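Chemist: Need coordinates for the following:
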Amino acid sequence: SASLDYIIEPWFLGGGASGPGGPEFKEWADDSTSKYGTVFGTSVGDLPDPAQPRCALISGRTADNPRLFKECIDAKCSTIFLEKPGAPTVAELQLMKEQAEEAGVGV
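Modeler: Sure thing, here's the model as predicted:
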């Protein structure tokens with residue numbers, strides 16, 4: 001089984017909090033925290049070490065994905081689902097592939 005323990009959302013928890021969708025996101029986040037104990041944050045780097053295997057789903061801006069991918073590897077994710085396109089260039093995708101292989105992370 002799996003659980004959704006952490007959600008990293010820098011936009012709606014930061015500069016976009018009062019913009020379109022921000023209040024609705026806050027309502028959902030508060031409800032999710034109350035019902036399920038889900039923890040919301042703004043940076044992958046703030047995550048504690050995992051107590052069990054950790055899976056990440058990256059759904060960000062294409063230009064941010066290589067950085068987010070590396071942050072997920074550093075946060076000891078054992079599996080990463082990467083929304084396409086995964087990076088702006090083939091060279092960046094190749095580097096991400098190499099980083100995952102080196103860390104033993106499934107993508």
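Chemist: can we go C-alpha only for contacts and neighbour counts from here?
Modeler: Fine.
Chemist: give the contact list for the residue nearest to Val107 when sequence neighbours are not counted.
Modeler: Excluding the flanking residues, the one nearest Val107 by C-alpha to C-alpha, 6 or more residues apart in numbering is Ile80, at 5.0 Å. By C-alpha atoms under 8 Å, 6 or more residues apart in numbering, the residues touching Ile80 are 55-58, 69, 72, 105-107.
Chemist: Next, find the distance separating the residue most central in space within the chain from Asn65.
Modeler: By C-alpha atoms, centre = their mean, the chain has its centre lying nearest to Ile58, at 4.9 Å. The gap separating Ile58 from Asn65 is 7 Å, by C-alpha to C-alpha, to the nearest Å.
Chemist: Likewise for Pro23?
Modeler: From Pro23 to Asn65 the distance is 25 Å (C-alpha to C-alpha).
Chemist: Pick out whichever of these two has more residues nearby.
Modeler: Shown here are Pro23 and Asn65; by other C-alpha atoms under 10 Å, Asn65 has more neighbours (23 against 15).
Chemist: Return the per-residue confidence for that one.
Modeler: pLDDT for Asn65: 96.
Chemist: so who does it touch?
Modeler: Asn65 sits next to 58-59, 86-87 when contact means C-alpha under 8 Å, 6+ apart.
Chemist: Return the set of buried residues in stretch 90-106.
Modeler: Buried positions in stretch 90-106, judged by neighbour count with 16 or more other C-alpha atoms under 10 Å: 93, 96, 100, 105.
Chemist: Since that was my last question, I'll sign off now.
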